[in-house]
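In: Structure, please.
(3 chains)
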Amino acid sequence: MQTLILTLLLALSLLSQGAEVSQGAEVSQGAEVSQGAEAPAERFAIDTLAYVQADNGHELLAALSGHPLLEPLRPDGGWLSQVENADELESVLAQLEELAGRPAMSLLEDLSGGGVAFGFGLRRLKPAVTLVLEGASPERSATALQLLVDLGLELKPELKHVLAAVEQRGDVRLWKLDQAVIGQLGSRVGVSTNERSLLVALGAEREPERRRLSANEAFSSAFAQLHGTTDGAGAHAWIALEKLVIASQLGGDSDLAELALLVSDPGAQGLLGPGISSIGIARSLAFELEVGADDIDLGVIAESLADTAASLRPTRAPVAQLDLTASGQVAHALLYRDYATLTDRRAELIAPESLPPFSAQLAELDTLFGGLRLAEDVLPDLDPWIEVVSRRIAKDAHTPPGIQLPAIAVLLHVQDAEHHGPTLESALQNIVALSNVDRAQNGLRPMLMRLQREGDRSWSTARWADLPEGEVAGLEYNFAPAWAQVGNRFVVATHESLLIDLFDELHATDTDVPKASSAPPAERLSVRGPVLAELLRNQLERLALAAALSSGGDSAEAAGRIEPFVNFAQGAALEVVIEYGSTDLRAGLSLVPADRKAALQEAGR
Amino acid sequence: MSARLDELLSPLASDAFDASAAEHLLTRVEFGATPERVAEACEAGLKPTVAGLLEGAAAPFDDSAQTDLIALGRLDLAQAWWLGRLAGEGGCSVLRERLTLIWHGLFATSQAKVQDLALMLRQNSTQRELALAPFPQLVRAMLVDPSMLVWLDGDQNRVGRPNENLARELFELFALGIGNYTERDVLEAARALSGWTVSGRAARCRERWFDGAPKTIFDETRNFDVDALVDATTSQPACARFVAGRLAREFVHPNPETDRVEALADLLRATEWDLGRCLSQLLRSEWFFAESNLRARIASPVEWSSRARRQLGGGPARLARAQAASRMGQDLFQPPSVKGWDGHRAWIGAATWIERERAALRWARDPSTPAAFADVERADLPAAVFARLLPERPRPEWAAALERDLDALSRDEALRTLVAATLCSPEYQLV
Amino acid sequence: MLNRRNFIKGGLQVAAYAQLGPQLFSAPSARTAAADERILVVLQLTGGNDGIGTLLPTGQDAWYRARPTLSRVAEGAHELESGFALHPSLGGLSQAFGEGRAAAVHSVGYENPDRSHFRSMEIWHTGLVPAVTRGESPAKGGLGWLGRAAVQLAGRHRTEPTAVHIGSGPTPLSLRTPDAQAPSLSRVEDLRLEGLDDDERARLALLAQARSARPGSDLRFLRDTARQAADLSDRLDAAANRSSAADWPATDLGRRLQLTATLITGGLGASIYGLEHGSFDTHLDQGPTHANLLLDLDRCLSAFHAELAAAGMADRVLLYAFSEFGRRVAENGTAGTDHGAAGPVLLFGPRVRPGLHGTPPDLTRLQQGDLPSTTDFRAIHAALEHHWLGLPLRPDLPAPLATLLT
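Out: Got it, this is the predicted structure:
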């Protein structure tokens, strides 16, 4: 989403630069030009690597800048104040408004009311960037352009001779600058680094149908799935990822290429999951930004995933076991992490250079499992669906951390729990014991480990020694882990009290391995802002001190910088869904009002 | 007061306290001063200025933010917090913080071994509390300070199993210096310090681990405990000399003359360790203002950073400044060894010099820097920058060369260049 | 690019000199180390390297008995001589032994071994053995053996620095001198001012040049250091732009040893380099961890040799690797080993008398479960100081191990 917003801001600033260079142009009022009514994609070449289209650019900007969810984050000086050289831009805009006698946004509407399209591609191995704005009508477009020209004249009189050299190409007016060409045809205004691309984008020339972007099968299939679903303001984008990677490597940039390595990196698989880690191997990516009245959605389709890691993706969806409406809920996730397959077929799934350390770590972990082998004996009996919950917990009798983080618990489903439950329990005990040995050797205090029993429940805990009354504990006191087998599930929590809460919840649900839901296989994550906001607000003073020390100002100023984020969190929730198709992947990120019922909740119950 | 004292620490003639002298005083006591502050001091005169500085240092202070730092648990933030105080941010007394830093350098304890930020900050608070206290009181507090006990294995020192570490450093590095005690004194002092342990962030002496048998220290035999040991140690003639030498090195000259140090030691004894009175006399003495003592010390990274902050205001955030100071070689709460920082020329090496240049550039490029010179005309920039940062110095040739070069630059670039060049000039390192 | 930059910078500096007058030309210019100057690279295997898991006593039954799990490394080990073999990871080192470029000394240590990492490290770094310090911390002496050597060498040098620590942590005690510390570098960038254009750099450089100052004065000292830093920065710039002739592992040790090689071949001029590798503190499941550490070491040593050989400088560089102690002879209950006592040291480079030195350890004769020291580490340090760096013999140290170097 950030990329899209940045792209749009870029477009806006290009526009203002265009204002500088288009002065002196004689705008032909109401010139009759034949402009195709076809979709903008018809006017970009088939080898376009990245494409952005906003059918109503000014509406999107207006919707985003005035969006109620983002309102708390809006800087005092408005969004523009965050752009580089904001002062300059603002003074230019002020001048423009004075000249026009109306808001700059309305001029933007005149210029781009019919849509904005942006393309990036390679022409003879040189980057070709093209931006075209479709005005509301030739008249309004011309008036707006004239105003920009007048403004340009005021700002930079020295450019006059450059712009005087206007070329007329049919109905198109062209200005050739050092690095770019600017053109205007009726209600369309465009700028490009390549003349031919510009003429095509303006509609003055046409590519043969088979050379158009719309003839690119990957593009049209992806775009067809997106286009038309927008009901509010929105934008669409498409990236030929596979080709862009090659192009960027030619340009000496390996960042994108590294994205494709994530899929065979065991760390990335474990942390990000099979979905996000495989985005880098998609043939193309399509994006859709939709700004509704009260929410903001970003959809991503990663298309034609290479099937190298297909075996790590889910084929069915589970049902949430935990209470999604529990008070103090911060986040809930249903994640798919098939460690058994990853280790079993590591020779084909993991990059060769990551294999030796991975195997070494496995061998090291084996020593924790009392004679069992993690890869062969333990992992295959763990269900790949993992449920994670994060909640704020109540105070207990032990020393609280000076800064309280939400507690987290991980829920694993275990086959043959009779056998593996105790194995996992003692493996975690071993980890604590070994880290205690290590800490003792480095002169550090150990964690106190206890076995707890209450009725038919039993669990293990480890915690730091309590401090005397009045002493403030550090962040490490947020970690007082507790773990237990509960039926056929194994639960690890960062706090004993969360574990005990989960005991009650889990005993209330049936203890079978969760039934597959009929929904398509999808990982889900839901983050609720209000509890997070409350936690932040409760310790604002301490966080403000840290912010003041690290980013300047005094604590009051720093608190002023943090508060917008707290207020933002107070009103917002984030829902993430990653749906797995047979060869593609759809991710949806939605920023919704915090009081809206979670999508996960709807799907889960 | 003896005639010798009057002679060696005689006060500066009141008409000799000019702008140059005021700048020297404020740089040594408060790391740096603006031209406005210098003018203020000149106007007030030497005696009231020194009195004001000492009053400020003796005033109550608030370092309760330490609890927040413990909760955050980050050493770098604690360093940043202290560095801010050392530059007088939030209106705290720089002299008190400066003395705290002197005691931190003397009783050098490092988080690298203590590994408990709460204990390190507690020691810092104790040193701040006792910044102007009689030295014996400070020594007593340091010997039973939890982080010190961990740092020098004092918490392992038990009857029948003595650990000499703390006792030896007490004599060698904290209070007397080599040659003023015997090996036997060390062994016996270790027994006097036995029994102390640290738990729940507090130190206490456990009777059963304390060696209650008589010990012979400095030729006196009795059942020494920590209090008696502090009395015996601090009443050694070498102790006042040792502390006087330290103060003279910090405030006057890296190699102070022996007779002046002896005079200062006499004063410490005569006033029964009244540090405020001693400093008052020292900071008003002709010796303190002698030509050979001006710009005779190489600024430590903390001094350098605090000076720039006091002269320019603004500057990079405290954390960035603390990180820069660490890279320049002064890692607060993590001195390189129990000897503390060697200081003076040891601050300057190839890598640490490049760090000073880097830090100078960062200051110059900070958006706040132009604000300090907002009202200055383009043509007056060099004069204004030198007046603020390097006043009263014979203007070096490079300034002239630099000025010629500046014509080609925009106002902002010229200002940045001037500030960066001045902050990392060899002259600026001398305080 | 670089040439152009240097040219501009140089040009501006010359212009500045001209403006400022002739007295500036009298400043001493740095030079690189003479072509025959010898370089010592000291590599510390931090955490206590398992000596008999590195140089394996494959000829002794007691070894297999004491280490039922860890003795599996005998399979694939590289045979050396008389019942000893190198760990399977050390193929490159084994080749170096074959080519006469490597040597090891058995059971090096000191009397009354201390099993604390820190204390034992301090003992190795200062050469102050427990018999001298009577249980006190040797750290307070404040002088490292390499720092002392650097001070002595500095008299002969006109280039700063004489010793360099390659690493991101604090300068180790071994490199500490009474006056200053050896500079610590983990990247070439540490000595490079980033984000400056040529003019800005030149303007800053002006400052170090101007204003005559009394020799011996602090101002002169500051000026000289500033100039040396700028000079060092330029030399590093030039050195860092040389392409590498070896296949360096992308590991911490690889980066640091490559930087060391770069500084040596680039003509930094330092005589002593200190580095660390580890941690070798393998209490738990030693097998894979230790194998990886040694493999990393082996590949780095091979690359180091290749790099120096390509620059024609292999004959001037001797690498010495040690660890603060070896490990217990018997493995512990978690397939690892605990802190022990004596262990082998390794020398790698020209003029070593190749092969194994010292008394081979006898695993049936242990002291409290550990190998007793049969060669005093100070005898090796003395040999390196005297026979390699050409420093005078020190009366307070045992005689140098004469057979070590040719």
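
In: Could I get the full set of strands for the stretch 201-350 of chain B?
Out: Applying DSSP state E, counting those that start in this stretch to the stretch 201-350 of chain B gives strands spanning B:202-205, B:215-217, B:220-222.

In: ok, now which ones touch residue 315?
Out: This is for chain A. By Cβ atoms under 8 Å, 6 or more residues apart in numbering or on different chains, the contact set of A:Thr315 is A:Pro521, A:Tyr580. Bear in mind the C-beta positions are built from the backbone N, C-alpha and C, glycine included.

In: The chain in question should be chain C.
Out: C:Pro350, C:Arg351.

In: sorry, back to before: deepest in the core, which of the strands of the stretch 201-350 of chain B is it.
Out: Comparing the strands of the stretch 201-350 of chain B by mean neighbour count (mean count of other Cβ atoms under 10 Å in any protein chain shown), strand B:215-217 ranks first with a mean of 20.

In: List the contacts of stretch A:426-444.
Out: Identification of contacts with stretch A:426-444 by Cβ under 8 Å, 6+ apart yields A:367-370, A:445-447, A:449, A:460, A:462, A:481, A:483, A:492, B:113, B:115, B:150, C:117, C:281, C:283-284, C:334.

In: Not counting sequence-adjacent ones, nearest residue to C:Leu45?
Out: Using Cβ to Cβ, 6 or more residues apart in numbering or on different chains and skipping the chain neighbours, the partner closest in space to C:Leu45 is C:Ser323 (4.0 Å).

In: What residues does the one you found make contact with?
Out: C:Gln44, C:Leu45, C:Thr46, C:Gly47, C:Gly48, C:Asn49, C:Gly51, C:Phe280, C:Gly343, C:Val345.

In: now swap in B:Ser368 and tell me
Out: Residues in contact with B:Ser368 (Cβ under 8 Å, 6+ apart) are B:Leu312, B:Gly313, B:Gly314, B:Gly315.

In: ok, back up a step: between the strands of the stretch 201-350 of chain B, which gets nearest to A:Thr341?
Out: strand B:202-205 (53.3 Å; Cβ to Cβ).

In: Got phi/psi on A:Arg206?
Out: With angles defined as degrees, to the nearest 10, A:Arg206 sits at phi -130, psi 140.

In: no wait, A:Ala482
Out: Per-residue torsions, A:Ala482: phi -140, psi 140 (degrees, to the nearest 10).

In: That one: how many residues sit nearby?
Out: Residues contacting A:Ala482 under the criterion other Cβ atoms under 10 Å in any protein chain shown number 25.

In: Give me the local confidence score for it.
Out: For A:Ala482, the model assigns a pLDDT of 96.

In: correct me, but it touches A:Leu451?
Out: No - the criterion here is Cβ atoms under 8 Å, and A:Ala482 misses it with A:Leu451 at 10.8 Å.

In: Just the buried subset of the contacts of stretch A:426-444, please.
Out: A:367-369, A:446-447, A:460, A:462, A:481, A:483, A:492, B:113, B:115, B:150, C:117, C:281, C:283-284, C:334 (16 or more other Cβ atoms under 10 Å in any protein chain shown).

In: In the stretch 51-200 of chain C, which residue sits nearest chain B?
Out: At 4.0 Å from chain B, C:Pro183 is the closest residue in the stretch 51-200 of chain C, using Cβ to the nearest Cβ.

In: Quick one: residues contacting that residue.
Out: B:Gly349, B:Ala350, B:Ala351, B:Thr352, C:Pro161, C:Val164, C:His165, C:Thr171, C:Leu191.

In: what about the nearest residue to it once chain neighbours are set aside, neighbour count?
Out: Leaving aside its chain neighbours, C:Pro183 sits nearest to B:Ala351 (4.0 Å; criterion: Cβ to Cβ, 6+ apart). By the measure other Cβ under 10 Å, the count of residues near B:Ala351 is 22.

In: looking at it, B:Ala351 is touching C:Ser186, isn't it?
Out: No - using Cβ under 8 Å, B:Ala351 is not in contact with C:Ser186, being 10.4 Å away.

In: what are the ranges of the helices in the stretch 201-350 of chain C?
Out: For the stretch 201-350 of chain C, the helices defined by DSSP state H, counting those that start in this stretch cover C:218-240, C:252-265, C:286-310.

In: Could you tell me the angle between the last one and helix C:252-265?
Out: This means helix C:286-310. 20 degrees (axes from the mean of the first three to the mean of the last three Cα atoms, to 10 degrees).

In: so what pLDDT did residue 16 get?
Out: You didn't pick a chain, so chain A it is. The model's pLDDT for A:Ser16 equals 40.

In: wrong one, chain B
Out: 94.

In: tally of neighbours for the nearest residue to it once chain neighbours are set aside?
Out: Spatial nearest neighbour of B:Ala16, chain neighbours left out: B:Phe289 (7.0 Å); criterion: Cβ to Cβ, 6+ apart. Here the count is done by other Cβ under 10 Å, and B:Phe289 has 22 residues near it.

In: ok, B:Phe289 to chain A distance?
Out: 36 Å (Cβ to the nearest Cβ, to the nearest Å).

In: now swap in C:Gly266 and tell me
Out: C:Gly266 sits 25 Å away from chain A, going by Cβ to the nearest Cβ.

In: which helices and strands does the helix or strand hosting B:Arg96 pack with?
Out: Using DSSP states H and E, B:Arg96 maps to helix B:94-106. Identification of packing neighbours for helix B:94-106 by 3 or more Cβ pairs under 8 Å, 6 or more residues apart in numbering or on different chains; DSSP states H and E yields helix B:19-30, helix B:46-58, helix B:75-86, helix B:117-129, helix B:237-251, helix B:301-312.

In: Thank you, goodbye.
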